[in-house]
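**Student:** show me the folded form of this:
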Amino acid sequence: MRNLFEFIINHSHLLLFLLLEVVAFLLITSRQSYPQSTVLTASNRVVATTNQTADNIASYFHLRRDNEDLNAEVCRLQQQVQDLRNQLEPRVEQPNDSAPIYQYAHLRYRTIPAKVIDLTTNHQQNYLTLNKGARDGIAEGMGVISDKGIVGIVGRVNDRFALVIPVIHTSTHLSARILKNGHLGFTHWNGRDSHYIDLMEVGRHISVSLGDTIVTSGLTPTFPEGLLIGVVDKVRLEEGDNYYTIRMALSTDFHQLRYVQVLDNPSAVSMQQLVDSALVNNE
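**Tutor:** Next comes the predicted model:
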């Protein structure tokens with residue numbers, strides 16, 4: 001207490017000056033309209049700026065939830081589109097008198113929304129980790145897509161997480177088709193730039209141009225036909241070569257990939273297991 005009194009006595013002139021300044025400021029703003037409005041305007045500006053900052057911060061923390069809701073909505077709309085495709089596909093009956101068999105160009109599937117929680121893009125064997133696993137219905141061999149196009153195939157799965165082998169992995173090969181003419185090839189990544197992959201086994205007699213769209217062929221059970229893979233970025237055909245050297249710009253940007261959809265198609269998984277077992281037996 002004595003120290004407080006000594007401080008007040010030693011700084012009495014300064015404290016008195018500050019007190020008089022505060023009193024004078026209050027008298028001026030309370031009796032004159034212009035200074036009062038100036039002070040109110042300044043205070044309102046500070047309050048508005050503070051509220052805007054708080055709103056921006058709140059919006060940022062709600063962004064994750066909004067993105068998850070948007071991804072779920074994309075999955076729901078994709079499911080509706082797939083259901084409509086299945087309904088509109090032409091039905092093909094057996095030529096004999098037995099019961100009709102209905103065949104569809106598109107395999108029936110549903111989509112499971114998931115978030116990418118870990119990924120690599122600068123290795124030859126890259127991977128993605130999803131925040132959903134077997135308890136969410138995800139199984140090995142399922143295809144994975146984004147709202148931009150193809151992502152990869154589920155390689156391993158446990159109860160809570162799934163490991164995806166993306167198209168930017170040197171061992172991943174997908175059956176592909178040139179959209180404009182229907183000719184087939186397969187994808188291959190050379191382990192360099194994660195924005196591009198190659199289209200292989202396209203013969204020199206086939207018409208290929210810059211900007212051609214490349215989609216899934218539907219010949220492998222993992223992905224239905226017509227999903228976007230990329231567009232032709234470079235084409236080279238050396239004299240004496242039987243096949244083009246074709247580079248595609250990927251439609252999916254793995255550096256910005258956050259949300260994906262897993263294609264749940266029990267028929268596709270069963271078909272792929274059958275193919276894998278046949279290959280093992282042949283070896």
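**Student:** so, low pLDDT: which residues of the stretch 101-250 of the chain?
**Tutor:** Low-confidence segments of the stretch 101-250 of the chain (pLDDT under 70): 101-108.
**Student:** Met142 against Ile153, yeah?
**Tutor:** Yes. Counting by C-beta atoms under 8 Å, Met142 does reach Ile153; the two are 7.1 Å apart. All C-beta spots, glycine's among them, are computed from the backbone N, C-alpha and C.
**Student:** is it true that Leu257 touches Val116?
**Tutor:** Yes. Leu257 lies in contact with Val116 (C-beta under 8 Å); the separation is 5.5 Å.
**Student:** Leu163 should be in a helix, yeah?
**Tutor:** No. Using DSSP: H, G, I helix; E, B strand; the rest coil, the assignment for Leu163 is strand, not a helix.
**Student:** ok, the closest residue to it other than its chain neighbours - how many residues close by?
**Tutor:** Nearest residue to Leu163, sequence neighbours excluded (C-beta to C-beta, 6 or more residues apart in numbering): Arg156, at 4.3 Å. Counted with other C-beta atoms under 10 Å, the neighbours of Arg156 add up to 13.
**Student:** for the helix or strand containing Arg156, name the packing helices and strands.
**Tutor:** Taking DSSP states H and E as the criterion, Arg156 maps to strand 150-157. Counting contacts by 3 or more C-beta pairs under 8 Å, 6 or more residues apart in numbering; DSSP states H and E, strand 150-157 is packed against strand 143-145, strand 162-166.
**Student:** the same query, at a cut-off of 10 Å, please.
**Tutor:** Using 3 or more C-beta pairs under 10 Å, 6 or more residues apart in numbering; DSSP states H and E as the contact criterion, the elements in contact with strand 150-157 are strand 110-119, strand 128-130, strand 143-145, strand 162-166, strand 213-216, strand 228-236, strand 259-264.
**Student:** angle of it against strand 110-119?
**Tutor:** Angle, strand 150-157 to strand 110-119, by axes from the mean of the first three to the mean of the last three C-alpha atoms, to 10 degrees: 80 degrees.
**Student:** could you dump strand 150-157 to PDB, C-alpha only?
**Tutor:** Backbone C-alpha positions of strand 150-157 (Å, rounded to 0.1, in the frame of the first residue of the first chain) are rendered in PDB as follows:
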ATOM      1  CA  ILE A 150     -10.300 -40.900 -61.900                       C
ATOM      2  CA  VAL A 151      -8.100 -41.200 -58.700                       C
ATOM      3  CA  GLY A 152      -7.100 -44.800 -58.300                       C
ATOM      4  CA  ILE A 153      -8.000 -48.200 -56.700                       C
ATOM      5  CA  VAL A 154      -8.300 -49.200 -53.100                       C
ATOM      6  CA  GLY A 155      -5.200 -51.400 -52.300                       C
ATOM      7  CA  ARG A 156      -5.600 -52.100 -48.600                       C
ATOM      8  CA  VAL A 157      -8.200 -51.500 -46.000                       C
END
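**Student:** note down every partner strand of that strand and its orientation.
**Tutor:** In the sheet, strand 150-157 lines up against strand 143-145 (antiparallel), strand 162-166 (antiparallel) (DSSP bridges).
**Student:** hang on, Pro221 packs against Leu174?
**Tutor:** No. The pair Pro221 / Leu174 is not scored as a contact, 11.8 Å apart, by C-beta atoms under 10 Å.
**Student:** shared neighbours, the two?
**Tutor:** Overlap of the contact sets of Pro221 and Leu174 (by C-beta atoms under 10 Å, 6 or more residues apart in numbering) consists of Gly143.
**Student:** with distance to Thr187 as new columns, can the strands paired with strand 150-157 be given to me in TSV?
**Tutor:** Formatted as TSV, these follow (distance: least, C-beta to C-beta, whole Å):
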stretch	distance to Thr187
strand 143-145	13
strand 162-166	11
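**Student:** among the ones you listed, which is the most enclosed?
**Tutor:** Ranked by mean neighbour count under mean count of other C-beta atoms under 10 Å, the strands paired with strand 150-157 are led by strand 143-145, which reaches a mean of 26.
**Student:** what pLDDT, on average, does the host helix or strand of Leu20 get?
**Tutor:** Element membership of Leu20, judged by DSSP H and E, is helix 12-31. Mean per-residue pLDDT for helix 12-31: 65.
**Student:** tell me the domain ranges of the chain?
**Tutor:** 2-55, 105-283 (automatic domain parsing).
**Student:** buried ones in the strand holding Arg156?
**Tutor:** The neighbour-count criterion (16 or more other C-beta atoms under 10 Å) identifies 150-155, 157 as the buried residues of strand 150-157.
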